[in-house]
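Asker: pasting the sequence and the predicted model now:
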Amino acid sequence: MTALAALLAPALTGCAGEAASATGSSTLKWTSSYFPAHWDPVVGGSGAQFRELALVYASLTRTDEKGNAVPDLARSWEYNSRGDEITFHLRSGLKFSDGEPVNGAAVKAAIERARKQKNSALFGDLTSIESVDAKGLDAVVHLSQVDYQIPQLFGQRVLQIASPKAAKSPARLDQGPVGAGPFTVTQLIPGTKAVLKKNPDYWDAENIHIDQVELTSAPDAATVISGLQTGVYNFADIEPSQASAAKKAGLDVFVQPGFNASNISLNINKKPFDNDKVVDAVRYAVDRQEFVDKLTFGYGETTDQPFPKGYVAYDPKSANAYPHDLAKARKLLAEAGYKAGDLKLDLVIPAEDPQAEIVQSQLAKAGITVDIKIDKNWATPFFAKDLTFSLYSTTGRDSAAQTLTAHFGPDGPLNLSSPYEPAGFEAAIAKVRETPLDSPEYTETLRAATRAGLESKALVFTYSQPNLIAKSRTVSGLPKNPAHIDWTGVTIGGAE
Amino acid sequence: MTVIRRVLALTSGRIAVAVLAVIALLAALGPLLAPQNPLATSVRTLADPSAAHWLGTDYLGRDTFSRLLDGSRVSVLGSLEVALTALVVGAVPGILSVHLGRAFEWVTLRLTDTLVALPFLLFAVAVIALLGNGITQAMLVTGVLVSPLFYRVARAATLAVARSPYVEAAIVSGASLGWIVRRHLWAKVLPPLAVALAQTIGTGFVIVSSLTFLGIGVQPPEPTWGGLLASDLGYLAHQPWAPAAPALLIMVTVWACNLLADAVRDVSGEAGRALVDRRRARVHRTDQAVTTPAGGAR
């Protein structure tokens, strides 16, 4: 049977390859675990699905391989001398796929929609924006505070720009995206499949060598690998547990750099986490290496900060502040008045997750009993800050300041203990915003803000999940833009 | 009792009862028989079978054999809960619909039609979202959705008896509904209900396994056969043999339930009487063969 499969698989793959070249087109067959539920970028928010939406929508800026903001729809930008106003100069002659011009008015409309649309998931990211003036191909953004993070912020995660005409009906835009990105949607089956073709009017169309994209919602993990083997797909994000099977199947398996970080979220406004000793007991009870060993199959790494080690904002001075120490955890619990088994907690999560089982088993060793509760409506109480104890994994943000405020700020969506913020964090993050990104002090200022944020008792960071991707060898290598999937320059089957 | 003796007289009946007795034993004693703590994690993840771990370990290093034994109780009790809920919710109104007048009959028939039209898995997911994720609510909901089978079986059997002369005579004599049900209906309605019950326990296993496979109805890390199957499928590349054990257990249990249902059907009612008659005739022929000298010896 195995021998038969070994004989047939290359033959079938070969057939698929021949069919593609016979039509003279190159098709990306991407199956994704993050198939967008919403195609309106304002509703979709800045989570993992922005990568799929970036097929359709372009932004003012994008990031390069070092994570720095570089021109996209905007050819350049400049701050005023005070740093509280930034002007983006757009490329000329660009159009959205419905024929509407890409200009300052479209940028203004996009920002205002993100700030004001009722179901916007982005308004919390735009707290520095006061107003926008449209002047032909210029968009002048007035800020409520000095903030040099704006070019990083207005990238693909937060400001994918939709046609203002199409956006007049957000509900229709949500299932019929109209952007000025590298591809346009020709067919969309909600939640299942999208077919896109190359957008000849995209500003960098000459560097897009893919004619068509078939984006599908990923089936179960094992089926993804067999689909890649037989040519049903040629690109997929995969679970770490599938990496060895993908490699054995002759697929190209690689880790796309990223900012992923998982955490245990505690609500210090509720018992028992209103007691600092209980919080510290949890911190000492966590063995981060177990998460890496059991969940990432060696592809991830431990982290005790909201980004992986090596990232510009990662603060080496704060590393390993709470090493795994069960004896200390038990002692702290005893000091807090809890005997072993006294403390019972409900860990509320949206779906089955081995992370939760590891947390349960580790805290049990410290004497804390954890019951895992799956709540399909988890997002509502989590973002309303009603939960006491939960888990969250972030894919990070292009702006380090945005990542920090999301976790530690008083209104941060990932701060389960809102409006609590650690002392000194607000001043530290204001200093980050006031520091130009090319200033020699920027790195240390940013790390100081991380240090201030990590004083928070609301979050215990555990590990960094890898962005693991398997692709057919006919798909050329991707630019190593951290946390992004950029199709610029990518070829399929040698076609250009 | 007669039905049980008749079932045990059949080979298929004896096999079904033996298999189900073992499964019941697993449900009762499984957690005690588990050689290791089914929730205890270890560094030996996805290990192959060995003397220490007969069926290897799972993705968190837990002993798979212990989890399988520990998961029997939830799987068995869940399917029983489905079947018994369906029996009560379906059979009682099924019998009463014949006797309590047209309004009751119309309402219960329409309710049954509605339940049949609902996709049980989607409905179960929706109700669990409302009531919270737990095995009891999941199985109760599923039991209600399966109940139309019992409603129809009970109603059909009751209709056949209700218009018989002896029941009409009892009504004319002033017998109460309760007396008629106890005296005349139970004996006729119970055999088809027993067949349906055995079948539904089998169906219940599939439903419990499907729901727990989807992570519905049980909170991790509590093991169930369906849950083990689901998690094993995620690690096929490392342990391609792992799904075999839970899948086999589910399969054998469902097969035994169906076998029992067939056996009960074969020995019930007219068919059962015919079977007993055939057996008596066979015994009679054997006796004659023993007492009568062979023709050639005359």
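Answerer: Thanks, I have the structure now.
Asker: so A:A351 sits against A:D375, correct?
Answerer: No - using CB atoms under 8 Å as the test, A:A351 is too far from A:D375 to be in contact (9.4 Å). All C-beta spots, glycine's among them, are computed from the backbone N, C-alpha and C.
Asker: next up, phi/psi of A:V102, please.
Answerer: With angles defined as degrees, to the nearest 10, A:V102 sits at phi -90, psi 110.
Asker: contact partners for the nearest residue to it once chain neighbours are set aside?
Answerer: Using CB to CB, 6 or more residues apart in numbering or on different chains and skipping residues adjacent in sequence, the residue nearest A:V102 is A:L94, 3.8 Å away. Neighbouring residues of A:L94 by CB atoms under 8 Å, 6 or more residues apart in numbering or on different chains: A:73, A:101-102, A:180, A:201, A:203.
Asker: by proximity to chain B, which residue of chain A wins?
Answerer: A:A245 (3.4 Å; CB to the nearest CB).
Asker: could you say which helix or strand holds A:I372?
Answerer: strand A:368-374 (DSSP states H and E).
Asker: next helix or strand past that strand?
Answerer: Once the chain leaves strand A:368-374, the next helix or strand it forms, by DSSP H and E, is helix A:379-383.
Asker: where does the closest residue in space to the residue of chain A closest to chain B that isn't next to it in sequence sit: helix, strand or coil?
Answerer: Distances taken as CB to CB, 6+ apart place B:A237 nearest to A:A245, at 3.4 Å, with adjacent residues excluded. Of the three states, B:A237 takes coil according to DSSP: H, G, I helix; E, B strand; the rest coil.
Asker: separation between B:A237 and A:R82?
Answerer: B:A237 is 58 Å from A:R82, where distance means CB to CB, to the nearest Å.
Asker: if we can go back for a sec, parallel or antiparallel, list what pairs with the strand holding A:I372.
Answerer: The pairing partners recorded for strand A:368-374 under DSSP bridges are strand A:343-349 (parallel).
Asker: which of A:A351 and A:D375 has more residues huddled nearby?
Answerer: A:D375 (19 against 11; other CB atoms under 10 Å in any protein chain shown).
Asker: ok, for that one, nearest residue in space, not its chain neighbours?
Answerer: Nearest residue to A:D375 in three dimensions, chain neighbours excluded: A:V348, at 5.3 Å (CB to CB, 6+ apart).
Asker: across the sheet, point out what pairs with that neighbour.
Answerer: Following DSSP bridges, A:V348 is listed with bridge partners A:K373, A:S390.
Asker: can you get me a residue count around it?
Answerer: The number of residues packed near A:V348 is 21, by other CB under 10 Å.
Asker: from B:L130, how far off is it?
Answerer: The spacing between A:V348 and B:L130, counted by CB to CB, is 16 Å.
Asker: can you check A:L153 too?
Answerer: 39 Å.
Asker: which one of the two is surrounded by more residues?
Answerer: Neighbours per residue, other CB under 10 Å: of A:L153 and B:L130, the larger number sits with A:L153, 23 against 10.
Asker: B:I135: what's its closest spatial neighbour, skipping adjacent residues?
Answerer: Nearest one to B:I135, counting by CB to CB, 6+ apart, is B:G217 at 4.8 Å.
Asker: please name the residues that touch residue 135.
Answerer: Answering for chain A, as no chain was given. Contact partners of A:K135, counting by CB under 8 Å, 6+ apart, are A:G104.
Asker: my bad, the chain I had in mind was chain B
Answerer: B:74, B:77-78, B:81, B:217-218.
Asker: so, low pLDDT: which residues of chain A?
Answerer: Scanning chain A for pLDDT under 70 picks out A:1-25, A:494-496.
Asker: in the chain, which residue is closest to the centre?
Answerer: In the absence of a named chain, chain A is used. A:T395 (3.2 Å; CA atoms, centre = their mean).
Asker: wrong chain, I was asking about chain B
Answerer: B:I201 (1.3 Å).
Asker: for the stretch 151-300 of chain A, which residues are neighbours of chain B?
Answerer: Applying CB under 8 Å from any CB of the partner chain, one finds that the stretch 151-300 of chain A approaches chain B through A:220-222, A:225, A:239, A:241-242, A:244-245, A:248, A:290, A:293-294.
Asker: buried ones among these?
Answerer: Listed as buried from those are A:221-222, A:225, A:239, A:241-242, A:245, A:290, A:293-294; burial here means 16 or more other CB atoms under 10 Å in any protein chain shown.
Asker: so which of B:A237 and A:R82 has more stuff around it?
Answerer: B:A237 (20 against 8).
Asker: any idea how far the more buried one lies from A:I225?
Answerer: Distance from B:A237 to A:I225, counting by CB to CB: 7 Å.
Asker: what do you get for B:F123?
Answerer: Per CB to CB, B:F123 is found 33 Å from A:I225.
Asker: over to A:Y338?
Answerer: 46 Å.
Asker: likewise A:P410?
Answerer: In this view, A:P410 and A:I225 are 44 Å apart by CB to CB.
Asker: who's in contact with A:G124?
Answerer: For A:G124, counting by CB under 8 Å, 6+ apart, the contacting residues are A:406, A:411-413.
Asker: repeat for B:G215
Answerer: Listed by CB under 8 Å, 6+ apart, the contact set of B:G215 reads A:351-352, A:374, B:227, B:230.
Asker: tell me which residues touch A:L347, please.
Answerer: Each residue near A:L347 by CB under 8 Å, 6+ apart is listed here: A:356, A:359-360, A:370-373, A:389-391.
Asker: one more time with 7 Å
Answerer: A:356, A:359-360, A:370-373, A:389-390 (CB atoms under 7 Å, 6 or more residues apart in numbering or on different chains).
Asker: then B:N258?
Answerer: For B:N258, the contact set (CB under 7 Å, 6+ apart) comprises B:199, B:202.
Asker: now tabulate the contacts of A:G124 in a markdown table and tack on distance to B:W54, neighbour count and secondary structure.
Answerer: Formatted as a markdown table, the contacts of A:G124 follow (distance: CB to CB, whole Å; neighbours: other CB atoms under 10 Å in any protein chain shown; DSSP: H, G, I helix; E, B strand; the rest coil):
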| residue | distance to B:W54 | neighbour count | secondary structure |
| --- | --- | --- | --- |
| A:A406 | 47 | 21 | helix |
| A:D411 | 53 | 13 | coil |
| A:G412 | 49 | 24 | coil |
| A:P413 | 47 | 20 | coil |
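Asker: now, among those, which is nearest to A:S439?
Answerer: Among the contacts of A:G124, A:A406 lies closest to A:S439 (CB to CB), at 23.1 Å.
Asker: show me what contacts that closest one?
Answerer: So A:A406 contacts A:397, A:412-414 (CB under 7 Å, 6+ apart).
Asker: where's it relative to A:Y314, distance?
Answerer: Taking CB to CB, one finds A:A406 at 16 Å from A:Y314.
Asker: what of A:K376?
Answerer: To A:Y314, A:K376 is 34 Å away according to CB to CB.
Asker: those two: which has the busier surroundings?
Answerer: A:Y314 (21 against 16).
Asker: give me phi/psi at the more buried one?
Answerer: The phi/psi pair for A:Y314 (degrees, to the nearest 10) reads phi -70, psi 130.
Asker: that one contacts A:Q305, correct?
Answerer: Yes - if you go by CB atoms under 7 Å, A:Y314 and A:Q305 touch, sitting 5.6 Å apart.
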